[in-house]
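Novice: Following is a predicted model, sequence given first.
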Amino acid sequence: MSITLTVNGRSHTIDVDPSTPLLYVLSDDLALRGPKFGCGLGQCGACTVLARGRAIRSCVTPVSAMSGADITTLEGLGTVERPHPIQQAFIDEQAAQCGFCLNGIILTAKAFLDQQPNASEAEIQRALSGVLCRCFAHTRMLRAINRYAGHPVPSRAGDAGSATGDGEPASLWTGGVK
Ligand code: FES
Ligand code: FES
């Protein structure tokens with residue numbers, strides 16, 4: 001079946017089984033490396049992309065469901081020379097550890113803040129509660145997201161000497177910024 005997708009502003013027509021997960025098309029046919037294969041079950045967020053104003057999990061989304069939709073992947077947010085402000089905030093805060101989860105975290109946070117620009121930190125954490133980070137870099141990522149959202153960003157006093165740079169035992173999304 002022939003399906004047309006618009007990805008990062010470019011139109012692509014692909015001959016594919018309509019039940020193929022969108023993630024496979026993005027990675028295998030379009031060679032995009034932003035969306036990652038994590039669980040493949042819709043449970044970790046690594047494969048997140050933006051479509052129709054929402055963060056969706058491309059590993060459990062049949063490509064046919066996205067026919068005609070405007071899809072944005074992490075690559076479509078900004079460039080190395082001109083990163084999107086949320087990407088710049090992650091750079092400024094050196095928020096990544098291994099970086100595998102960043103795609104899902106950045107896109108989920110962006111989609112949420114696009115909808116609710118005045119969200120509190122607690123609301124941001126709730127929005128991120130289904131996106132997993134195995135490196136426990138939550139504290140730094142929350143700092144980056146707070147920076148992007150215009151919230152006060154606590155100092156990094158607690159970072160010294162930590163293997164992950166998170167200082168106190170890393171706060172998970174619901175644990176607050178240390
Ligand atoms: S790979 Fe899609 S949610 Fe985990
Ligand atoms: S930085 Fe490694 S999984 Fe989040």
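Specialist: Received the coordinates, thanks. Ligands and ions are numbered 1, 2, ... in the order given.

Novice: wait, isn't Ala46 in contact with Asn103?
Specialist: Yes. Counting by CB atoms under 8 Å, Ala46 touches Asn103, with 6.3 Å between them. From N, CA and C alone the C-beta is placed, and that goes for glycine too.

Novice: Mutual contacts of these two, please.
Specialist: Pro35, Lys36 (CB atoms under 8 Å, 6 or more residues apart in numbering).

Novice: Can you name the residues of this protein that neighbour ligand 2?
Specialist: Ala96, Gln97, Cys98, Gly99, Phe100, Cys101, Cys133, Arg134, Cys135, Ala137 (CB under 6 Å from any ligand atom).

Novice: which of those are buried?
Specialist: With burial judged by 16 or more other CB atoms under 10 Å, the buried subset of those is Ala96, Gln97, Phe100, Cys101, Cys133, Cys135, Ala137.

Novice: Show me the two of the residues you listed that sit farthest apart.
Specialist: Farthest pair in those (CB to CB) is Phe100 and Ala137. Separation: 10.3 Å.

Novice: How about the secondary structure of the closest residue to Cys98 other than its chain neighbours?
Specialist: The shortest distance from Cys98 to any residue other than its chain neighbours is 5.3 Å, reached at Cys135 (CB to CB, 6 or more residues apart in numbering). For Cys135, the secondary-structure state derived from DSSP: H, G, I helix; E, B strand; the rest coil is coil.

Novice: Pretty sure Cys135 sits against Cys101.
Specialist: Yes. If you go by CB under 8 Å, Cys135 and Cys101 touch, sitting 7.5 Å apart.
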